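S.K.: What follows is a predicted protein model with its sequence.
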Amino acid sequence: MKTKQIILLISSLLSLQLFYGQVSVKDLRCEMLINPLGIDIKEPRLSWLLSSNERNVQQTAYEIIVSSSKEKLSKNDGDIWSSGKVESSQSIHISFSGKELQSGKEYFWKVKSITNKGETSWSEPAYWSMGLLNKTDWKAKWIGYDKASSWDSITQWSRLSARYLRKKFRTRDDIKRATVYISGLGLYELHINGQKIGDQVLAPNPTDYRKSFFYNTYDVTDQIRTGANTIATVLGNGRFFTMRQNYKTQKHNTFGYPKLLLQLEIEYVSGTKEVIVTDETWKLNVDGPIRTNNEYDGEEYDATKEFPGWNNIGFDDSKWIKPELVAAPPGNIVAQMSEPMKVMQTIKPVSIKPASNGKYIIDMGQNFAGWLRLLVEGKRGQQIKLRYAESLQANGELFTANLRDAKVTDIYTLRGRGHDLSLLPGNMESWEPSFVYHGFRYVEVTGFPGTPTINDFEGKLVYDALETTGSFVTSNSVINSIYKNAWWGIASNYKGMPIDCPQRNERQPWLGDRVIGAMGESYLFDNAKLYAKWMQDIEESQTAEGAIPDVAPAFWNYYSDDVTWPAAFITISNHLYNQFGDITPIQKHYASMKKWMEYMKSKYMKNYIVTRDKYGDWCMPPEGPTLIHARDSSRLTDGMLIATAYYYKMLSYLQRFAGLINKKDDIKTFGVLMDSIKTSFNRTFYNKTQQSYSNNTVTANLLPLYFGLAPDSLKQIIFEKIRKKIVEDNNGHTSTGLIGSQWVMRTLSDYGNTDLAYQLTTNTTYPSWGYMVANGATTIWELWNGNTADPGMNSQNHVMLLGDLLTWYYENLAGIRSDKTEVGFKKIIMRPNLPTGLGFVNASYNSMHGLIKSDWKNNEYKFEWNITIPANSSAIVYIPAKSAGDIMESGKELSENKDVRIIKWEEGLTIVQIGSGQYKFISHIK
Ligand code: BGC
């Protein structure tokens with residue numbers, strides 16, 4: 001070798017050495033979850049993040065090893081799967097394709113990525129374990145107590161005391177691994193040897209138990225001892241023994257008395273195994289401290305009825321009775337693959353004030369869903385009553401009219417001296433409910449011994465344990481407050497499913513509320529699994545004929561054959577693909593979606609017009625004092641127009657899905673149908689003289705425009721009608737209900753009217769989101785006039801009126817969105833709209849590919865923009881600038897900047913392509 005070549009070789013080896021370690025892989029996920037236990041997907045998808053400070057890092061290949069033990073993994077022995085080097089830039093959703101995965105087994109994995117900037121080292125090890133994959137793996141029997149006791153009551157306000165169950169057993173050897181598989185319906189808490197297992201609450205997540213129900217898996221190796229052990233559970237009602245019994249039975253579904261299926265699998269160091277299961281050898285007591293638990297009405301806990309030590313060894317359960325062997329629920333048992341609910345934040349009260357008759361009112365300073373924990377010292381048998389509400393009446397008492405018949409009252413009866421088993425000092429007792437939650441800001445306390453202070457209470461915010469993925473701050477304080485209220489509203493309404501509200505006697509998973517909202521929410525919360533689970537709930541709610549209800553899981557029967565509510569099934573599957581790159585919901589539910597579309601067509605389509613609509617433009621302002629629909633009929637939008645437009649839009653999504661999963665014939669069939677609908681739609685609803693759709697409401701014009709029903713030649717004219725309506729007839733205010741609000745912000749920006757959209761989101765007079773803020777809202781209201789509306793239909797913690805607002809905040813203001821072909825933010829479109837008067841936006845979003853940042857300042861002349869693009873992604877960036885020559889990136893002109901490729905420059909906007917890394921653009925707009 002010549003010297004020159006040798007030097008070259010050495011230097012390239014050196015540079016490789018330098019690069020080595022500058023890129024790393026982290027945050028390994030299996031089925032989008034971190035180290036999940038008990039999954040039941042046989043080809044789980046693996047994802048990871050690349051991390052680097054370098055610019056323009058792209059993966060060119062990867063290698064995955066999956067082993068049956070940690071030891072094997074550390075020796076790079078991929079006895080389960082060695083992918084070998086796979087040339088691919090894909091770093092999310094790689095399907096496992098090794099040896100067949102076995103029930104109950106643990107798997108350990110790691111990955112290494114080969115990039116254009118060198119090879120990473122192996123990642124830290126990650127793992128997952130399999131659940132019980134076959135029905136025959138379940139040796140446990142269902143146990144429970146299928147009757148009410150004399151102190152229970154099975155009426156409209158159902159009262160049922162909790163079921164306490166326990167089992168003593170002995171282990172015979174040193175424990176290698178112990179795993180619990182448990183399905184406790186409606187809700188359970190699990191204890192082993194005196195210790196509560198896991199930090200989940202209100203588990204498992206709710207489903208339609210006639211179709212399916214969940215089990216959860218826990219690793220309890222550290223809790224099981226050699227020798228004597230006790231495993232114990234408490235069962236609450238949840239949605240299984242539902243909140244209302246023998247009341248409106250045509251509407252409310254209930255599923256039976258609480259029941260338990262539990263299997264504890266123990267592997268001994270010696271290699272032998274043992275299984276402890278629920279059966280008639282367990283012990284049961286229903287006369288314990290939880291006297292009643294009802295999601296609407298509250299929980300009553302009588303500490304004088306506690307069984308000290310019941311969940312530990314050494315407890316005498318000779319007086320407890322045998323449980324009954326009860327029938328299994330009719331549905332399928334499946335592993336829960338979405339996050340459990342947890343206490344996600346602890347909130348200190350801001351004040352406590354005396355009210356009438358010795359009562360006190362606590363103000364939490366924030367409306368949210370969860371409960372209060374109390375800390376108290378007093379006499380045995382003394383009762384403390386906590387009544388929850390969202391707001392106060394003028395006289396300072398709770399306002400409960402909007403809770404309808406939900407009693408939302410927790411009662412704690414003190415244990416008193418000498419019975420305290422907790423570790424609290426002196427005779428303090430601490431209590432919080434197990435099986436209920438409330439939507440509230442204020443709590444009325446009655447019967448508290450002595451004078452309570454704020455230190456005696458703590459709020460617990462409860463929702464699905466989802467990572468907060470977004471941050472968003474602007475120079476406008478109204479926007480910032482709306483954003484904050486939206487965060488609290490969304491968090492409050494995630495309860496193993498998205499619900500409409502957390503406070504009144506409703507709390508149902510209404511489909512219409514999330515049609516577009518789910519997508520905006522996904523910038524704030526990692527809601528991929530929650531919504532994938534919901535898509536399954538929706539499919540399970542479908543009737544044999546194909547109908548989809550407005551509420552799913554169908555806890556309430558609402559099969560109204562509406563289009564706009566069930567549309568959520570299709571729009572959200574579409575959004576899960578765009579945002580998270582998750583195609584499974586589309587693959588899994590395509591047939592069911594198509595069946596629903598066919599059902600609606602055969603039943604309600606006449607001359608290519610869908611003739612059925614239930615809700616109109618729900619909650620459109622100005623609301624009448626007692627109605628949720630506008631009183632003035634000239635403001636109502638024709639239901640047939642809405643239904644037909646939505647049907648058309650859903651067809652366009654289905655056409656996309658058909659393309660993605662290779663259903664060529666369907667693409668064509670849907671296309672032909674769309675053409676016919678379009679023609680008929682314009683013939684029926686377009687008014688030539690007026691040059692607008694139907695009666696010219698904002699929504700009537702908006703839908704054909706945004707959905708592509710309006711012919712190109714009319715688009716500008718139609719847009720002008722919308723603009724005029726908002727500006728002239730509505731004084732620059734929103735005039736849409738739930739339906740129009742799903743598209744309005746994006747339409748205004750798409751047609752160059754960002755300033756008008758900005759006005760809608762910064763208004764503080766009625767009707768607007770800012771009006772809610774100005775009137776003290778700390779979440780989002782159900783109605784635009786939530787402060788004056790009829791309490792019968794007036795939740796102060798709903799999210800449906802957000803429409804496409806959050807999407808607009810991220811996609812249009814921050815300018816962050818995913819490309820629709822390289823989904824999941826593999827390719828990012830950075831394109832902010834700059835409203836006049838908005839000085840800065842500083843936003844971030846933690847995507848499937850990593851952290852994206854858009855941080856811009858605009859003083860109308862100079863525009864400064866800091867961008868972060870995660871490794872293994874790239875971005876197309878739209879830079880506002882009077883000319884390309886004017887733009888600087890990190891101090892360099894674009895023409896000399898090797899990291900920035902100019903795609904197009906035109907007046908006002910320069911389009912460039914960049915790779916990963918941090919960039920700083922400076923330009924002049926004027
Ligand atoms: C719910 C709404 C829901 C609507 C439809 C209301 O009671 O709170 O969010 O979409 O009913 O009927």
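M.R.: Structure received. Small disclaimer: the values here were computed from a predicted structure and weren't measured.
S.K.: Quick check, Leu49 in contact with Ser847.
M.R.: No. The criterion here is CB atoms under 8 Å, and Leu49 misses it with Ser847 at 9.5 Å. Yep, even glycine has a C-beta here, placed from its N, CA and C like the rest.
S.K.: Touching both of those two, which residues are there?
M.R.: The contact sets of Leu49 and Ser847 overlap at Pro870 (CB atoms under 8 Å, 6 or more residues apart in numbering).
S.K.: what about Thr395, how many neighbours?
M.R.: For residue 395 the amino acid is Asn, not Thr. Using other CB atoms under 10 Å, Asn395 has 7 other residues around it.
S.K.: actually Gly227, not the one I wrote
M.R.: Gly227: 9 neighbours (other CB under 10 Å).
S.K.: repeat for Leu576
M.R.: Other residues near Leu576 number 27, with proximity taken as other CB under 10 Å.
S.K.: same check, this time on Lys663
M.R.: Count around Lys663 with other CB under 10 Å applied: 18.
S.K.: Show the contacting residues for it.
M.R.: The contact partners of Lys663, by CB under 8 Å, 6+ apart, come to 590, 657.
S.K.: Report pLDDT for it.
M.R.: In this model, Lys663 is scored at 98, pLDDT.
S.K.: Please tell me how far it sits from the ligand.
M.R.: Using CB to the nearest ligand atom, to the nearest Å, Lys663 is found at 32 Å from the ligand.
S.K.: Now that residue, what are its backbone angles?
M.R.: Main-chain dihedrals, Lys663, degrees, to the nearest 10: phi -110, psi 80.
S.K.: What of Leu28?
M.R.: Here is the backbone geometry of Leu28 (degrees, to the nearest 10): phi -70, psi 140.
S.K.: Spatially nearest residue to it (excluding sequence neighbours)?
M.R.: Nearest non-adjacent residue to Leu28, counting by CB to CB, 6 or more residues apart in numbering: Ala126, 3.8 Å away.
S.K.: on that earlier part again, so which of Leu49 and Ser847 has more stuff around it?
M.R.: Remark: of Leu49 and Ser847, Ser847 carries more neighbours, 26 against 23, as counted by other CB under 10 Å.
S.K.: Report the contact partners of the residue nearest to Leu28.
M.R.: Going by CB under 8 Å, 6+ apart, Ala126 touches 28-30, 34-35, 108-110.
S.K.: Can you list phi and psi of it for me?
M.R.: phi -130, psi 170.
S.K.: next one: the one 4 residues further on
M.R.: According to degrees, to the nearest 10, the main-chain angles of Met130 amount to phi -90, psi 150.
S.K.: Surely it and Gly38 touch.
M.R.: Yes. Using CB under 8 Å, Met130 is in contact with Gly38, at 7.0 Å.
S.K.: I figured Pro349 hits Pro452, correct?
M.R.: No. Assessed by CB under 8 Å, Pro349 is found out of contact with Pro452, at 9.8 Å.
S.K.: neighbours around the spatially closest residue to Ser74 that is not a sequence neighbour, how many?
M.R.: Among residues not flanking Ser74 along the chain, Pro125 sits closest, at 7.6 Å (CB to CB, 6+ apart). Pro125 has 16 neighbours, counted by other CB under 10 Å.
S.K.: Check whether Pro125 really touches Leu73, as I assumed.
M.R.: Yes. The criterion here is CB under 8 Å, and Pro125 meets it with Leu73 at 5.5 Å.
S.K.: hang on, the earlier thing: now the residue nearest to Ser74: how far from Ile34?
M.R.: Separation of Pro125 from Ile34 (CB to CB, to the nearest Å): 13 Å.
S.K.: now do Pro330
M.R.: Going from Pro330 to Ile34 by CB to CB gives 33 Å.
S.K.: now do Ser795
M.R.: To Ile34, Ser795 is 34 Å away according to CB to CB.
S.K.: Could you check which of these two has the larger neighbour count?
M.R.: Set Ser795 next to Ile34 and count neighbours by other CB under 10 Å: Ser795 wins out with 28 against 12.
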